[in-house]
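Asker: Please work out how this folds:
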Amino acid sequence: MTSEMFVPIENWREAAACLGSDVNFFPAQGDNVGLDKARAVCAGCPVSEECLIYAIETNQTEGVWSGTEPRERGKLRRQWVRELRQAS
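Answerer: Numbering: from 1, shown residues only. Below you'll find the predicted structure:
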(Lines give C-alpha, C1' and ligand atoms only; values in the text may rest on other atoms or scores of the structure.)
Protein backbone atom coordinates (compact mmCIF):
# COMPACT_ATOMS: atom_id res chain seq x y z
CA MET A 1 0.00 0.00 0.00
CA THR A 2 1.34 3.42 -0.89
CA SER A 3 1.13 6.42 1.38
CA GLU A 4 -1.22 8.18 -1.08
CA MET A 5 -3.80 5.43 -0.52
CA PHE A 6 -3.73 5.68 3.27
CA VAL A 7 -6.21 8.14 4.75
CA PRO A 8 -5.88 8.76 8.49
CA ILE A 9 -9.22 8.07 10.17
CA GLU A 10 -9.47 11.58 11.63
CA ASN A 11 -9.30 13.03 8.10
CA TRP A 12 -11.50 10.55 6.25
CA ARG A 13 -14.25 13.09 5.61
CA GLU A 14 -11.82 15.33 3.74
CA ALA A 15 -11.27 12.52 1.23
CA ALA A 16 -14.95 11.57 0.88
CA ALA A 17 -16.42 11.54 -2.62
CA CYS A 18 -19.57 13.25 -1.31
CA LEU A 19 -17.65 16.30 -0.15
CA GLY A 20 -18.78 19.16 -2.35
CA SER A 21 -21.19 16.94 -4.28
CA ASP A 22 -24.55 18.38 -5.28
CA VAL A 23 -26.21 14.99 -4.73
CA ASN A 24 -28.75 14.81 -1.90
CA PHE A 25 -27.60 12.14 0.55
CA PHE A 26 -30.87 12.41 2.49
CA PRO A 27 -33.43 11.49 -0.17
CA ALA A 28 -37.10 11.20 0.76
CA GLN A 29 -38.41 7.74 1.52
CA GLY A 30 -39.31 6.08 -1.76
CA ASP A 31 -37.05 8.37 -3.83
CA ASN A 32 -35.23 5.56 -5.60
CA VAL A 33 -33.68 7.91 -8.15
CA GLY A 34 -32.17 10.01 -5.35
CA LEU A 35 -31.03 6.87 -3.56
CA ASP A 36 -29.36 5.56 -6.71
CA LYS A 37 -27.57 8.89 -7.27
CA ALA A 38 -26.22 8.88 -3.72
CA ARG A 39 -25.14 5.24 -4.01
CA ALA A 40 -23.34 5.99 -7.29
CA VAL A 41 -21.23 8.64 -5.55
CA CYS A 42 -20.53 6.27 -2.66
CA ALA A 43 -19.52 3.47 -5.03
CA GLY A 44 -16.45 5.43 -6.11
CA CYS A 45 -15.54 6.74 -2.68
CA PRO A 46 -12.02 5.99 -1.38
CA VAL A 47 -13.17 6.18 2.26
CA SER A 48 -16.37 4.16 2.01
CA GLU A 49 -15.26 1.74 4.72
CA GLU A 50 -14.47 4.54 7.19
CA CYS A 51 -17.82 6.13 6.40
CA LEU A 52 -19.73 2.93 7.10
CA ILE A 53 -17.86 2.33 10.35
CA TYR A 54 -18.65 5.87 11.47
CA ALA A 55 -22.32 5.55 10.52
CA ILE A 56 -22.72 2.27 12.41
CA GLU A 57 -20.74 3.31 15.49
CA THR A 58 -22.65 6.59 15.81
CA ASN A 59 -26.01 5.04 14.91
CA GLN A 60 -26.79 7.29 11.95
CA THR A 61 -30.49 6.69 11.36
CA GLU A 62 -30.98 9.03 8.41
CA GLY A 63 -29.43 9.42 4.98
CA VAL A 64 -27.12 7.43 2.78
CA TRP A 65 -23.77 6.53 4.32
CA SER A 66 -21.30 4.40 2.38
CA GLY A 67 -24.08 3.54 -0.04
CA THR A 68 -26.33 2.10 2.67
CA GLU A 69 -29.83 3.06 3.74
CA PRO A 70 -30.87 3.37 7.39
CA ARG A 71 -32.57 -0.05 7.28
CA GLU A 72 -29.40 -1.72 6.02
CA ARG A 73 -27.23 0.01 8.62
CA GLY A 74 -29.68 -0.94 11.36
CA LYS A 75 -29.26 -4.59 10.46
CA LEU A 76 -25.46 -4.25 10.40
CA ARG A 77 -25.49 -2.40 13.73
CA ARG A 78 -27.63 -5.04 15.42
CA GLN A 79 -25.25 -7.72 14.17
CA TRP A 80 -22.25 -5.70 15.40
CA VAL A 81 -23.79 -5.19 18.87
CA ARG A 82 -24.64 -8.92 19.07
CA GLU A 83 -21.04 -9.82 18.24
CA LEU A 84 -19.72 -7.37 20.84
CA ARG A 85 -21.95 -8.91 23.50
CA GLN A 86 -20.91 -12.43 22.60
CA ALA A 87 -17.24 -11.47 22.75
CA SER A 88 -17.52 -10.07 26.27
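Asker: any weak-confidence spans in this structure?
Answerer: 1-10 (pLDDT under 70).
Asker: surely residue 76 meets residue 57?
Answerer: No: taking contacts as CB atoms under 8 Å, residue 76 lies outside contact range of residue 57: 10.7 Å. Where C-beta positions appear, they are placed from N, C-alpha and C, glycine not excepted.
Asker: Which residues are in contact with residue 28?
Answerer: Residue 28 is in contact with residue 34, counting by CB atoms under 8 Å, 6 or more residues apart in numbering.
Asker: Check the offset of the helix of greatest length in the chain from the chain's centre.
Answerer: Longest helix in the chain by number of residues (criterion: DSSP state H): helix 70-87. Remark: helix 70-87 is offset 15 Å from the chain centroid, using CA atoms, centre = their mean, to the nearest Å.
Asker: And the contacts of that helix?
Answerer: By CB under 8 Å, 6+ apart, helix 70-87 touches 52, 55, 56, 59, 60, 61, 62, 63, 65, 68.
Asker: May I see the buried residues of it?
Answerer: Of all the residues in helix 70-87, those buried under the rule 16 or more other CB atoms under 10 Å are 70, 73, 77.
Asker: could you dump the residues you listed to JSON lines with distance to residue 25?
Answerer: Putting the buried residues of helix 70-87 into JSON lines (distance: CB to CB, whole Å) gives the following:
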{"residue": "70", "distance to residue 25": "12"}
{"residue": "73", "distance to residue 25": "13"}
{"residue": "77", "distance to residue 25": "18"}
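Asker: Closest to residue 12 out of these?
Answerer: residue 73 (16.8 Å; CB to CB).
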